[in-house]
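> heads up, no residue letters with this:
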């Protein structure tokens with residue numbers, strides 16, 4: 001048992017060493033990028049951030065910004081799901097031959113229309129009150145042309 005444990009530990013250490021060696025040989029975008037938190041209000045666009053970093057650290061290849069609109073994006077996703085279900089129900093209604101099937105689908109369409117209206121209002125209200133309508137950058141990823149030293 002002790003021999004097996006020693007072999008496992010040996011192979012683990014060899015695997016870690018090979019992993020580090022491979023990582024050092026391979027260049028990825030992560031080797032040239034940094035994450036920036038607490039982006040100041042004066043640097044809220046890509047060009048401003050790129051200029052600021054280029055003045056201090058070298059040529060910037062790209063800047064990706066993350067905004068404070070995650071809540072609204074989730075609402076849009078839910079809204080899209082409702083629209084999709086509504087569309088499917090409309091197709092089902094148009095293909096229904098029996099009166100009972102059409103009535104059942106019609107009731108579903110009415111329920112979905114109510115849900116869709118509520119979803120639309122919720123999105124509008126959330127967008128209006130979300131940070132008082134101000135959209136701002138909460139995080140940025142800056143990628144340089146050359147690997148930072």
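Thanks, I have it. Since the model is a prediction, treat every value here as computed from it, not as a measurement. Numbering: from 1, shown residues only.

> how about the strands of the chain, start to end?
Remark: strands assigned in the chain by DSSP state E are 33-37, 60-67, 137-144.

> just these: most buried one?
Mean neighbour count (mean count of other Cβ atoms under 10 Å) peaks for strand 137-144 among these, with a mean of 18. The C-beta positions use only the backbone N, C-alpha and C, and glycine is treated the same way.

> tell me what the longest helix anywhere in the chain is packed against?
Assignment by DSSP state H gives helix 99-129 as the longest helix of the chain. Packing contacts for helix 99-129, counted by 3 or more Cβ pairs under 8 Å, 6 or more residues apart in numbering; DSSP states H and E, involve helix 70-95.

> give the contact list for residue 39.
Going by Cβ atoms under 8 Å, 6 or more residues apart in numbering, residue 39 touches 49, 65, 136, 137, 138, 139, 140.

> let me have those in a markdown table, extended by distance to residue 124 and pLDDT.
Below are the contacts of residue 39 laid out as a markdown table (distance: Cβ to Cβ, whole Å; pLDDT from 0 to 100):
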| residue | distance to residue 124 | pLDDT |
| --- | --- | --- |
| 49 | 30 | 92 |
| 65 | 24 | 91 |
| 136 | 20 | 79 |
| 137 | 23 | 83 |
| 138 | 22 | 84 |
| 139 | 26 | 90 |
| 140 | 28 | 92 |
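
> number of nearby residues for residue 116?
Residue 116 has 16 neighbouring residues, counting by other Cβ atoms under 10 Å.

> let me fix that: residue 26
When neighbours are counted by other Cβ under 10 Å, residue 26 registers 8.

> can you check the one 3 residues further on too?
Neighbour count for residue 29, taken as other Cβ under 10 Å: 10.

> please name the nearest non-neighbouring residue to it.
Closest residue in space to residue 29, ignoring its immediate chain neighbours: residue 143 at 6.0 Å, by Cβ to Cβ, 6 or more residues apart in numbering.

> and that neighbour, bridged to which residues?
Per DSSP bridges, the residues bridged to residue 143 are residue 33, residue 62.
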